[in-house]
Each structure stands twice: as structure tokens, then as C-alpha cells.
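[1] my questions concern the predicted model and sequence given below.
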There are 2 protein chains.
Amino acid sequence: MAEKSQSGAADAAKGKGRGVDASSVAQPRVPRTERGRRTQRAILDAAAAEFGERGFHDSSIVSITIRAGVALGSFYTYFESKEALFKALVQDMSGRVRDQVAPVLRGHSGSAIAAEGVALEAFLRFAREHKEIYRIIDEAEFVAPEDWRAHYLNTAARILERLQAARAKGELGVEPSEVHAWAIMGMNVFLGLRFGVMDGQADLGEVAREANALLKDGLG
Amino acid sequence: MAEKSQSGAADAAKGKGRGVDASSVAQPRVPRTERGRRTQRAILDAAAAEFGERGFHDSSIVSITIRAGVALGSFYTYFESKEALFKALVQDMSGRVRDQVAPVLRGHSGSAIAAEGVALEAFLRFAREHKEIYRIIDEAEFVAPEDWRAHYLNTAARILERLQAARAKGELGVEPSEVHAWAIMGMNVFLGLRFGVMDGQADLGEVAREANALLKDGLG
């Protein structure tokens, strides 16, 4: 995939292949006005719909700007190419998953393990309402591999931080590790796929409760 | 995606979109001789290497037959197209994951939960030795979605069967459900990605032990 960043420095810093440093990839221009922010948001939302329905290769910038109701020139004010837009969208979605879960965790007064359950339920509801997120994150493995990797590395790092904070408060029976963080993330991703995306009817509160009981007490 | 099956009946039975019935998709011709079986195996192995390195779209039948050391005509004896080969490869890999784990489980004399740990370790070792499997199964979401779905539905169904057998023997503290099966599968898939594929150095026995302790006793 040919990608050009808007900054020569970023270009120079950017490694090839499956790099993990999301800070070194081309970033979309940050709008300076409220109107600009709305335009950029409209383009990202239209891109989520277009890439989610058609996939990266069959999506077009023209079609995305039509969905967004913005002029083609406005598109190029914020994104330099379809690739750059896709990368920005993966980062945006990764951030939205984080932002969906963060307030739920902050507002939770129970144990740290129970908090993982409410975080899971919030994620399952987000996945059901934004089914396109799976297709887009999954396609990022092929279209924007460094952003795909960064999404999972960042998500696992946040889970591990929460587990370490819980351990420090004496709430965990084991010393948390990256194995636990990736295990929990994998659980959550696959439960979202099965019960949020494939199945529109499952009781997501019940799914989260069962998964959380597994996380707390195991199967033994 | 345009796919044609070799059998009109299979074509008629085949649904469009993300169907789950793997029995209704076009199947490669079954070789009648040992030599034919070797040729078909060589093509599948070459396809795993080619699709794993280049991805579906940049792979070619000619290049796969060269890797396999077989004539182009032999290719068309067994597979009707690149799409049909990719579908056959996903089914083959799904079966190999199953076959990798099955004998380990049969030979295990400990508890059912401990058996899940040895199954995980066998899978992690397989993932590290066959890193291409992740790229191929992941790309199947876009190239052969019904086979991708079938792979996960079948894998989860096998896990659930094992849990139900364990429950019947009084070895589980909870009634097993699809939530447990998908949670365990998600855990295993992500641990394979992180420690089998991304990281060539991690102690896979230790990863499996930590994950199995989580499965048995939870974090509480």
C-alpha cells in the first residue's frame, strides 16, 4: 500500500511493515473551526458507512463525500487520500471504543472485576449499534496494519493498567500480566462478534454477566 | 465474489451472503489416487505460503503451481479457480487446527479444564509454526465469508461439546453455554495472535498455563 504523509518528518520516521508506533503515521489535519470539525466528523461517519458496506477497495472518495454532503475540495482539506482516510477512521473507531467504555468505568462503584463486566456490556452495545466497526478494524489488518496493531496493543495496555490498579488495591487474586489482558480482550472481541454483530437478539446484559462470572471465578 | 461450484446441485443449494452452512459450498474434487492426494496437498501448501505472503488479490494460480511444482493443468483438475482454492484452503486450515488439537485432548488424562490448557498450548505452537494461518483466516472474512463463519461456529461448537461432556462428568462448577465457548475461543485466538504470531520468543507453555489458571479459577 502506498501511503504518503503530509509531513516529511513523519515520512522519515515511519517504518515499513507492521510497525507498532501509531504516532509516526500520517495524521489528518486538525480542523481549526467548529464548522471544520463538523465537516471532518461528517466525512468520518460517511466513511464508516461506506467502508463498512463496500470494503476498502470498492469504496470511493466521491461516494463518501456525497454521503457526507460535503464538496470534494473539503475532503482534500482534511484527508490526502482514501488510504489516509481509512487510517484516520481506524484511529477514530479505536478512540470511540475507548471513549465508550471509559465513562462507564469511571461511574462504576463496584469491584474492579465487576467493572470489567460493565465495560464489556458497554462494548457489546456499541458493537451492536456500530456493526461496521468489526469489518473496518478487521480489514485494517490488510489496509492499515500498523493502525490495526496499535488498536489491539493500546486496548490490551488499557486493560492491563486497570488490572494492575485493581491488584494494587488488593482486588485480584493473581498478579496480572499481558496474558490476562490479551485473554480478556479476545473474549470481549469474540463475544461482540457473536452476540453484538452476528446476533441482533441476544440479551447483552446476560452475555456480559456470564462472561464476567467466568472472569471472576472461572469454570472450576 | 463470483464462485461456481463443480456441481449444479451444490450451486442450487448454496445461499448468498454470510451463510453458515459449510456443506453447501463448492468443494474441491477428491483425488482418487495417492499421487493425486499428494498433488492436491502440494497445491494447498503452496497456496498457504502464497496467500499468507501476498494476500488473496496479489496471489496468482500460476505462481502457486510454480511453488507447488505442479503443472497448470493439474491445478484445474482439483480446483476450478483461485476463489475455490482459497475456500478449500480455509476449510483445510480449519480442519488442521481441529486435527492438531484433537489427539492432544484424547491423550490427556487430567481434568477437562486442564485439557483446555493443553489444547491451547498445542494451538499456540501450531500458530507459531504456521503464522500464515492468521492472515488467511482473517482475510477469509472478506474473500470467503461463509467459510470464515463456519470456521468459528464449528470451533466454538467443539469447545461447547467438550464443556458439556465435562459438566456431565461433574467437572465444571457452572452450566456451560455458547458464551463460555466463544469467550474461550476468543481468548485462544488472541493469545495465538499475540504470543504465537507477533512474538516468536514467548514461552508458550507458560502462556497456556496462565490462561488456563484464569479459565479454572478466574481473577477473583
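    Looks like it came in fine.
[2] what is the mean pLDDT for stretch A:58-72?
    Stretch A:58-72 carries an average pLDDT of 97.
[3] could I get it in CSV with only the CA atoms?
    Extracted C-alpha coordinates of stretch A:58-72, given in CSV (Å, rounded to 0.1, in the frame of the first residue of the first chain):
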residue,chain,number,x,y,z
ASP,A,58,-14.8,-0.8,-3.6
SER,A,59,-15.3,2.4,-1.7
SER,A,60,-14.6,5.8,-3.4
ILE,A,61,-13.9,9.2,-2.1
VAL,A,62,-16.5,10.7,-4.4
SER,A,63,-19.2,8.4,-3.0
ILE,A,64,-18.1,9.2,0.6
THR,A,65,-18.3,13.0,0.0
ILE,A,66,-21.8,12.5,-1.5
ARG,A,67,-22.9,10.5,1.6
ALA,A,68,-21.3,13.2,3.8
GLY,A,69,-22.9,16.0,1.9
VAL,A,70,-19.6,17.8,1.5
ALA,A,71,-17.7,19.1,-1.5
LEU,A,72,-14.8,17.1,-2.9
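[4] outline the domain layout of chain A.
    Per automatic domain parsing, the structural domains of chain A span A:27-80, A:86-217.
[5] distance between the ends of the last one?
    Counting by Cα to Cα, to the nearest Å, the length from the leading to the trailing residue of domain A:86-217 is 40 Å.
[6] quick one: distance of that domain to the chain centre.
    Here the centre of domain A:86-217 is set off from its chain's centre by 9 Å, with Cα atoms, centre = their mean, to the nearest Å.
[7] and it, is it in reach of chain B?
    Yes - counting by Cβ under 8 Å from any Cβ of the partner chain, chain B has neighbours in domain A:86-217: A:113, A:135, A:138-139, A:141-142, A:149, A:152, A:156, A:163, A:172-174, A:176-180, A:182-191, A:193-195, A:198, A:207, A:210-211, A:213-217. Heads up, the C-betas are built off the backbone N, CA and C, glycines and all.
[8] over to the first one?
    Yes - with Cβ under 8 Å from any Cβ as the measure, domain A:27-80 is seen reaching chain B through A:Gly55, A:His57.
[9] A:Arg29 contacts A:Thr77, correct?
    Yes - between A:Arg29 and A:Thr77 there is a contact under Cβ atoms under 8 Å: 6.9 Å.
[10] just checking, next helix/strand downstream of the helix or strand bottoming out on mean pLDDT in chain A?
    One helix or strand of chain A scores below all others by mean pLDDT, DSSP states H and E: helix A:8-13, with a mean of 36. Next along the chain after helix A:8-13, taking DSSP states H and E as the criterion, comes helix A:34-58.
[11] and the following helix or strand past that next one, what does it pack against?
    Per DSSP H and E, the first helix or strand lying C-terminal to helix A:34-58 is helix A:61-68. Where contact means 3 or more Cβ pairs under 8 Å, 6 or more residues apart in numbering or on different chains; DSSP states H and E, helix A:61-68 is packed against helix A:34-58, helix A:72-78, helix A:82-106.
[12] picking up where we left off before, can you lay out the domains of chain A as JSON lines showing mean neighbour count and distance to B:Asp203?
    Shown next, in JSON lines, are the domains of chain A (neighbours: other Cβ atoms under 10 Å in any protein chain shown; distance: least, Cβ to Cβ, whole Å):
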{"stretch": "domain A:27-80", "mean neighbour count": "16", "distance to B:Asp203": "37"}
{"stretch": "domain A:86-217", "mean neighbour count": "19", "distance to B:Asp203": "10"}
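[13] ok, which of the helices and strands packed on helix A:61-68 comes nearest B:Ser81?
    Evaluated over those, closeness to B:Ser81 peaks at helix A:34-58, with 18.7 Å, by Cβ to Cβ.
[14] contact partners of that closest one?
    Residues outside helix A:34-58 that contact it (Cβ atoms under 8 Å, 6 or more residues apart in numbering or on different chains): A:28, A:31, A:59-60, A:63-65, A:67-70, A:74-75, A:77-79, A:82, A:85-86, A:88-89, A:92-93, A:130-133, A:135-136, A:139, A:142-143, B:57, B:142.
[15] state the distance from the spatially most central residue of chain A to A:Ala144.
    By Cα atoms, centre = their mean, chain A has its centre lying nearest to A:Ser94, at 2.1 Å. According to Cβ to Cβ, to the nearest Å, A:Ser94 and A:Ala144 sit 11 Å apart.
[16] pLDDT weak spots in chain A?
    Across chain A, the ranges flagged by pLDDT under 70 are A:1-26.
[17] before we move on, the earlier item: and B:Arg125, which of the helices and strands packed on helix A:61-68 is closest to it?
    Taking Cβ to Cβ, helix A:82-106 is the member of the helices and strands packed on helix A:61-68 nearest to B:Arg125, at 30.4 Å.
[18] compile the helices and strands packed on helix A:61-68 into TSV and extend it with columns for distance to B:Val101.
    Shown next, in TSV, are the helices and strands packed on helix A:61-68 (distance: least, Cβ to Cβ, whole Å):
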stretch	distance to B:Val101
helix A:34-58	32
helix A:72-78	48
helix A:82-106	31
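[19] can you pull the contacts of the closest residue to A:Pro28 other than its chain neighbours?
    Take A:Pro28 and drop its neighbours on the chain: the residue closest to it by Cβ to Cβ, 6 or more residues apart in numbering or on different chains is A:Ala88, 4.4 Å away. A:Ala88 makes contact with A:Gln27, A:Pro28, A:Leu44, A:Phe79, according to Cβ under 8 Å, 6+ apart.
[20] of the residues you listed, closest to A:His108?
    The closest of the contacts of A:Ala88 to A:His108 turns out to be A:Leu44 (Cβ to Cβ; 28.9 Å).
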